[in-house]
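> sequence plus predicted model, see below.
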Amino acid sequence: MKNLWNLEEASKFKGDLATRVYSSRVLGADPELVLHGGGNTSVKSVEKDFFGNDIDVLHIKGSGWDLGTIEEAGFAPVKMDVLLNLAKCSELTDTEMVREQRAGMLNPYSPSPSVEAILHAILPFKYVDHTHANAIVALTNNPDGEARVQEVFGKRVIVVPYVMPGFILAKTVAEIIEGQDWTGIEGMILMNHGIFTFHDDAKASYDLMIKLVAEAEDYLLAKAGDYKATAEPSLDHLKIARIRKAVSVAKGAAQVGLLDSSNAAVGFANLANAEEISTQGPLTPDHSIRTKRIPVFIDGDATQAIEKYKADYIEYFESCQEGETILDQAPKFAIIPQHGVMSFGNTEKDAKIVADIAKHTYDTIQLAEATGGWKALSAKDIFDVEYWELEQAKLKGAKPAGMGLQGKVALVTGSCAGIGFACAESLKEQGAVVYGADLSPDIVEAMDKIGANGRQLNLTDEAELSKLILEIIETHGGLDVVVSNVGIFTAGQYLEDLEQSNWDKAMAVNLTSHQILLRHVIPYLKEGIDSSIIMIGSRNVGAPGPGAASYSCSKAALTQLARVAALELAPEGVRVNVVHPDAVFDTKLWTQENLERSAARYNMTVQEYKTKNLLKTEIKSKDIGNAVALLSTAVFGKTTGAQFPVDGGNDRII
């Protein structure tokens, strides 16, 4: 455990609250202490109210803020007299506690105070720090946890038996510390929960946190030795896709699946007792709000394993519930021998949070197992937090990212610019995880601009294409949408002058590369969520022009390929449709000079040429992108084998 306090950096933060911001950030910078909104910190100070009166205030971390990035606005200022009076109540419901804490805030526009605000208030120190340090959890989540705490810390810490967080915990601590002589006390250990340190100096409180956690680490590591199992992964990519699909079906919504196939994750998953130790419970009850009580262990058929998980979850709910409404029964992460640990979320961000917690969970479980055994809290204790109305409110208030494609994974070929880029951008805007592939080395930068994944790739190189598909499955669990857009417009030549290389190149890029792509993606699309393939055709399919044989014929053949694919894949639930753009001039192919030359052939101005369709409207790349994204959603969930013109109306087609 490294002390991250930087005296020079800390000196830039002036005043009680600013100093609290800095010390909170250094705590939040270490994932061994806190993860994704975990832990809380506070500072007691004197503030002036609207009328200029001095008011004793507790600034405590507000709900929804993360210690690693918190700002002054992230702290809720609550009047100390309100909190101390609440501490005197014999009973207080969660709703009453939240209401009264908010009513006692100096600034009603601040975030809601932490549920531990009353506990922070009764501790007689200016600065209070609370973390869920992995080493402390490994020390306490043990059949002899209290004895181990005494062995490491002796009388230097106050030990609090596990009770429900919030008001009940505050009352328990109040009883324990009544009349407490604080001489020599360095912290407070909450069994199966975490650790508090406190001091009238911010750095001193932080130093105590690092010191105590480091002592726990040293004690455990001295006993554990080389405790981390490692193994090389042996991946079955179709199994990975099937697992993600089964979880998505159980959830009722597409889930992003992040696979941790590191040697450490695979080593844990391959342990002989991996199922036993991984399904006891989470590191702390707080984690259950993100991960549920336990993961699913999959060492065979994914669907059967997840069906059993659902049945077990319902049994767990029924045995613990007291009138609550059951949540969805889908697991949040999976332990998979030979593969590692796979985490799931509605969005990539959600899945990453679960993945971080899962990693710290399997590391800490192994540490505890190597030093005397791992023992989680009872199912009922975990249930009380998982279904705690205050914790549920955090997730209910979260807004979904994107719209119709949230949780889906998409691949767009030829996406560095123009129509392909617009398709990738629109899919991303709708909530999909997007991969863009293009021959241009600029593809990585182009995709970075929209938060997508860019890969330079020659789509006619089958080996490289296969690598990309496997990468997508390994990194995000599956594939649901493929936009086959790559294409070229070869130089116009009449048939009698048509060079064979012109014809061959058009067929290779505009037809054969798409056929190769289909062969590699179809097995995974069959395991996708409402999977969809969209081919980018051309108005030339229905209305070819002279001198464009290679382009027109290759696009016509591509359309026929899509129709065959629609027939073959419909029984698998995979939809295949074609979009036919026309006169899309906002691409790199169309310079101002090209536009002026083409417009002159029709005796038109450039603007007239751009809008020479029945609706007299300009067709832009983004129009094609939006159409493609919409076709990928459930709006067109019952449409396959169709051809959609996006051309403003063409009299030759009509």
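The structure has been received and is ready for your questions.
> in terms of pLDDT, where does the most centrally placed residue in the chain sit?
The structure's the chain has its C-alpha centroid closest to residue 349; by C-alpha atoms, centre = their mean the separation is 2.1 Å. pLDDT, residue 349: 94.
> please shift the residue numbers so they start at 333 in all later answers.
Sure, I'll start counting at 333 from here, so that last one is residue 681.
> so it is in which element?
helix 680-702 (DSSP states H and E).
> tell me which strands and helices that helix is in contact with?
helix 466-472, helix 534-556, strand 588-592, helix 595-601, helix 606-610, helix 620-623, strand 665-668, strand 672-677 (3 or more C-beta pairs under 8 Å, 6 or more residues apart in numbering; DSSP states H and E). Every residue, glycine included, has its C-beta placed from N, CA and C.
> looking at the ones you listed, which is closest to residue 484?
Proximity to residue 484 (C-beta to C-beta) singles out helix 534-556 among the helices and strands packed on helix 680-702, at 4.9 Å.
> so for that closest one, mean pLDDT?
For helix 534-556, the per-residue pLDDT averages 97.
> residues of that helix that come out buried?
Across helix 534-556, burial judged by 16 or more other C-beta atoms under 10 Å covers 534-542, 544-545, 547-549, 551-552, 556.
> cool, and stretch 371-386?
371-377, 379.
> TSV for those residues, including distance to residue 707, pLDDT and secondary structure?
Output for the buried residues of stretch 371-386, formatted as TSV (distance: C-beta to C-beta, whole Å; pLDDT from 0 to 100; DSSP: H, G, I helix; E, B strand; the rest coil):
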residue	distance to residue 707	pLDDT	secondary structure
371	23	93	coil
372	26	95	strand
373	29	98	strand
374	31	98	strand
375	35	98	strand
376	36	98	strand
377	40	97	strand
379	44	94	strand
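> for residue 768, what are its contacts?
With contact taken as C-beta atoms under 8 Å, 6 or more residues apart in numbering, residue 768 is in contact with 743-744, 747-748, 752-753, 756, 775, 778-779, 784-787.
> what do you get for residue 378?
Residue 378 neighbours (C-beta under 8 Å, 6+ apart): 386-389.
> ok so, going back, what about the contacts of residue 768, which are in helices?
In helices, defined here by DSSP state H, the members of those are 752-753, 756, 775, 778-779.
> identify, from these, the entry nearest to residue 857.
Residue 857 lies nearest to residue 756 out of the ones in helices among the contacts of residue 768, by C-beta to C-beta, at 17.8 Å.
> what about the residue of the chain most remote from its centre, distance to residue 881?
What lies farthest from the middle of the chain is residue 828; by C-alpha atoms, centre = their mean that is 56.8 Å. As judged by C-beta to C-beta, to the nearest Å, residue 828 and residue 881 stand 10 Å apart.
> how about residue 896?
22 Å.
> what about these two, which has more around it?
The neighbour count for residue 896 versus residue 881, taken as other C-beta atoms under 10 Å, is higher for residue 881 (19 against 12).
> which one of the helices and strands packed on helix 680-702 lies closest to residue 942?
It is, among these and with distance given as C-beta to C-beta, strand 588-592, at 39.3 Å.
> sheet partners, orientation included, of that closest one?
strand 672-677 (antiparallel) (DSSP bridges).
> using CSV, write down the CA coordinates of the strand it pairs with.
Extracted in CSV, the C-alpha atoms of strand 672-677 (Å, rounded to 0.1, in the frame of the first residue of the first chain):
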residue,chain,number,x,y,z
GLY,A,672,-11.5,-16.4,-17.3
VAL,A,673,-14.1,-14.0,-15.9
MET,A,674,-16.8,-12.3,-18.1
SER,A,675,-18.7,-9.2,-16.9
PHE,A,676,-21.9,-7.8,-18.3
GLY,A,677,-23.6,-4.4,-18.4
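> and that strand with helix 680-702, angle?
In terms of direction (axes from the mean of the first three to the mean of the last three C-alpha atoms, to 10 degrees), strand 672-677 departs from helix 680-702 by 140 degrees.
> separation between residue 977 and residue 911?
8 Å.
> now do stretch 334-349, average pLDDT.
Averaging pLDDT along stretch 334-349 yields 96.
> again with stretch 654-664
93.
> do the same with stretch 702-719
93.
> pull out the buried positions in it.
702-704, 706-709, 711, 713-719.
> hmm, which two among those are most spread apart?
For those, the farthest-apart pair by C-beta to C-beta is 702 and 719; their separation is 32.6 Å.
> residue 491 is in contact with residue 482, isn't it?
Yes: here residue 491 lies in contact with residue 482, judged by C-beta atoms under 8 Å, at a distance of 7.4 Å.
> show the backbone phi and psi for residue 408.
Per-residue torsions, residue 408: phi -90, psi 120 (degrees, to the nearest 10).
> repeat that for residue 741.
phi -120, psi 130.
> measure it to residue 682 for me?
14 Å.
> the more surrounded of these two?
residue 741 (30 against 23).
> got any ranges where the stretch 733-882 of the chain has weak pLDDT?
733-735, 823 (pLDDT under 70).
> residue 855: which of the buried residues of stretch 702-719 is nearest?
Of all those, residue 718 has the smallest distance to residue 855: 36.8 Å, by C-beta to C-beta.
> got a list of what the closest residue to the closest one other than its chain neighbours touches?
In space, not counting the residues next to it along the chain, residue 718 is nearest to residue 620; the distance is 4.1 Å by C-beta to C-beta, 6 or more residues apart in numbering. For residue 620, the contact set (C-beta under 8 Å, 6+ apart) comprises 614, 714, 717-718.
> from those residues, which land in helices?
Counted as lying in helices by DSSP H, out of the contacts of residue 620, are 714, 717-718.
> which stretches of the stretch 383-532 of the chain form helices?
Per DSSP state H, counting those that start in this stretch, the stretch 383-532 of the chain carries helices over the ranges 412-419, 426-435, 449-454, 466-472, 477-485, 499-509.
> out of those helices, flag the one nearest residue 365.
Across those, closest to residue 365 is helix 466-472 (C-beta to C-beta), at 7.9 Å.
> state the mean pLDDT of that closest one.
On average, helix 466-472 scores 96.
> what average pLDDT does stretch 451-459 get?
Averaging pLDDT along stretch 451-459 gives 98.
> buried residues, that stretch. List them.
Buried, per 16+ other C-beta under 10 Å, within stretch 451-459: 451-455, 457-459.
> now these in TSV, with distance to residue 416?
Output for these, formatted as TSV (distance: C-beta to C-beta, whole Å):
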residue	distance to residue 416
451	12
452	11
453	6
454	7
455	11
457	14
458	15
459	18
